[in-house]
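Engineer: Sequence and computational prediction follow.
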Amino acid sequence: MNQTDCDSKADFQFYLLPVAYVVVMVLGLPGNLAALWFFLVKRRHQRSGSDVFIINLAVADVAFLCALPFRIHYHLQRNFWSLDKYTCIFSGVVFHASTYASLVFMTCICVDRYVATLHPLTYMRHRNSRLPVLVSATVWVVYSVAILVFVLVGPTDGQKEKCFESFSQEEWERRVGPYSILCLLFGSLLPSVVILACYPLVARRIAHIRTGTAGKARRIIYAILAIMLLCFLPYHTVHLLHLLHRMGFIRNCSWADAIYKARRVTMAMVSFNSCLDPLVYYFSTNHCKWRMPRLRWLRPRRTGVYIISTD
């Protein structure tokens, strides 16, 4: 519960979040692992800047999915953390950092597709440059430093047997509040502005270009826009309201209770981006075909494996 005068409860979270996370793991892990194999191995000799950002997006998704079993255990125990503090740090850090990293890398993909479509000559000149690698490395370094500082300056639990929850008002004022503001500004607001405000202009210009590259760019950005609106925007909007409540701008207990319940719902919603991101991978490979694996020892005459092939 929040360390305020309001006592908020949401018992439905003990059923909603574990079920949602299990579904996300079952649906999201195969697609993201297959994408990593395809872009790291299959297209290693013809990798574009967009591919580099897609690889990093898939890495963020896989990391997020690896943290979900610990979060499932936590919620099944009715938000009682019975494991060691290092596991809490791992699961909490990966859960939250991957959420913001995914949105940042999707923004990078949007910008990359825009440049490739509207400025193809410039894009081709820098196609094999190390700029996408440098941008991706910078994102991970910034997140790593921020996480390290956050973990070292204080505990990761607000109350005993909690994990990344129920921070005291002192902790909020000292570090949680400032970190939340920075995350919302640079991990949510800025990428959302690029996708929401800039994309209509991009789409309008791309719509007049009748090429395969333009069509692929439209599909990629449409998919990213849909994922952002369905998964990320509700989560970050409610998180902003939660931040305003903890900072004392929202004092009404009815509002505080509604915000607490909405946070639990949007936590389930944002996790589904890991299932939807394979749509971005699909559209980036010229209508690639995703084939289910066929085990050779069961069907010796069929040598198909789990592959992604382009038409």
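Structural biologist: Done, it's in.

Engineer: now the end-to-end length of stretch 196-214.
Structural biologist: As for stretch 196-214, its first-to-last residue distance stands at 19 Å under the measure CA to CA, to the nearest Å.

Engineer: Figure out how far stretch 88-96 is from the centre of its chain.
Structural biologist: Here the centre of mass of C-alpha atoms in stretch 88-96, compared against the chain's by CA atoms, centre = their mean, to the nearest Å, lies 13 Å away.

Engineer: then that stretch to PDB, C-alphas only?
Structural biologist: Coordinates of the C-alpha atoms in stretch 88-96 are reproduced here as PDB (Å, rounded to 0.1, in the frame of the first residue of the first chain):
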ATOM      1  CA  CYS A  88      14.200  -8.600  -5.900                       C
ATOM      2  CA  ILE A  89      16.800  -6.100  -7.300                       C
ATOM      3  CA  PHE A  90      17.100  -8.200 -10.500                       C
ATOM      4  CA  SER A  91      13.400  -8.700 -11.100                       C
ATOM      5  CA  GLY A  92      12.400  -5.200 -10.200                       C
ATOM      6  CA  VAL A  93      15.200  -3.500 -12.200                       C
ATOM      7  CA  VAL A  94      14.700  -5.600 -15.300                       C
ATOM      8  CA  PHE A  95      10.900  -5.200 -15.200                       C
ATOM      9  CA  HIS A  96      11.000  -1.400 -15.100                       C
END
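
Engineer: For the stretch 151-300 of the chain, which segments count as helices?
Structural biologist: Along the stretch 151-300 of the chain, the stretches classed as helices by DSSP state H, counting those that start in this stretch are 169-171, 177-182, 190-193, 199-206, 212-227, 233-246, 253-271, 273-283.

Engineer: With respect to burial, which of the ones you listed scores highest?
Structural biologist: Most buried of those, by mean neighbour count (mean count of other CB atoms under 10 Å): helix 273-283, with a mean of 23. Just so you know, the C-beta spots here come from the backbone N, C-alpha and C atoms, and that holds for glycine as well.

Engineer: hang on, the earlier thing: nearest to Met124, out of the helices of the stretch 151-300 of the chain?
Structural biologist: Nearest to Met124 among those is helix 212-227; the distance by CB to CB comes to 10.9 Å.

Engineer: so where's the stretch 51-200 of the chain uncertain?
Structural biologist: Regions of the stretch 51-200 of the chain meeting the criterion pLDDT under 70 cover residues 126-128, 154-160, 198.

Engineer: worst average pLDDT in the helices of the stretch 151-300 of the chain?
Structural biologist: Comparing mean pLDDT over the helices of the stretch 151-300 of the chain, the weakest stretch is helix 199-206, at a mean of 71.

Engineer: element containing Leu33, please.
Structural biologist: Under the assignment given by DSSP states H and E, the secondary-structure element containing Leu33 is helix 13-37.

Engineer: And the helix or strand following that helix, what does it pack against?
Structural biologist: The element immediately downstream of helix 13-37 (helix or strand, assigned by DSSP H and E) is helix 49-76. The criterion is 3 or more CB pairs under 8 Å, 6 or more residues apart in numbering; DSSP states H and E, and the helices and strands that helix 49-76 contacts are helix 13-37, helix 85-118, helix 131-152, helix 273-283.
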